[in-house]
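J.: Here is the input, now give the coordinates:
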Amino acid sequence: MKQNCFVCLNVDCKIRGSEQLMNELTGKVTTHSLDVEVKSYTCFGGCDQGPNIVIHPQRVWYAGVKPEDLPEIVESLNGGPPVNRLDTIDPSLKEIIFSLLDTGLM
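T.: Sure thing, here's the model as predicted:
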């Protein structure tokens with residue numbers, strides 16, 4: 001099943017390096033030949049906890065992502081366990097965003 005990896009590129013996340021994260025993640029996904037599409041995203045909310053990366057349809061949200069977290073994220077995209085220490089977003093916000101992604105509205 002193809003995974004979509006959405007990287008927030010709104011102001012708060014971008015200031016914290018999300019554009020660099022997206023570029024590095026794209027390269028790592030390509031290098032590992034993963035069935036993952038890395039895409040930019042306007043905003044998920046949770047701006048104060050960014051940079052934010054959401055994996056869909058797996059319903060995984062990573063907050064406060066740093067470049068040194070990318071190897072673990074790539075491992076999880078390759079079938080490994082989620083990086084639980086980066087799962088810090090309020091569950092109700094996650095459910096709203098995941099529901100919108102599931103319905104195709106985002």
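J.: which other residues reach stretch 44-52?
T.: 6-8, 10-13, 16-18, 21, 54, 61-65, 88-90, 93, 96-97 (CB atoms under 8 Å, 6 or more residues apart in numbering). The C-beta positions use only the backbone N, C-alpha and C, and glycine is treated the same way.
J.: go again using 10 Å as the cut-off
T.: 6-22, 41, 43, 53-54, 61-66, 69, 86, 88-90, 93-94, 96-97, 100-101, 106 (CB atoms under 10 Å, 6 or more residues apart in numbering).
J.: Which of those residues fall in helices?
T.: 11-15, 18-22, 93-94, 96-97, 100-101 (DSSP state H).
J.: Restricted to buried residues, select those residues in ChimeraX.
T.: What follows is the ChimeraX syntax selecting those of those that are buried according to 16 or more other CB atoms under 10 Å:
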select :12,13,14,18,21,22,94,97,101
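J.: Pick the one among the ones in helices among the contacts of stretch 44-52 closest to residue 82.
T.: residue 94 (12.5 Å; CB to CB).
J.: The closest one contacts residue 55, doesn't it?
T.: No - using CB atoms under 10 Å as the test, residue 94 is too far from residue 55 to be in contact (11.6 Å).
J.: Give me the common contacts of those two.
T.: residue 61.
J.: Name the residues linked to residue 62 by a beta bridge.
T.: residue 53 (DSSP bridges).
J.: correct me, but it touches residue 88?
T.: Yes - contact status for residue 62 versus residue 88: in contact at 8.8 Å, counting by CB under 10 Å.
J.: neighbour-wise, which of these two wins?
T.: residue 62 (27 against 12; other CB atoms under 10 Å).
J.: burial count for residue 69?
T.: Neighbour number of residue 69 under other CB under 10 Å is 18.
J.: And it, how close does it get to residue 63?
T.: Distance of residue 69 to residue 63, given as CB to CB, to the nearest Å: 10 Å.
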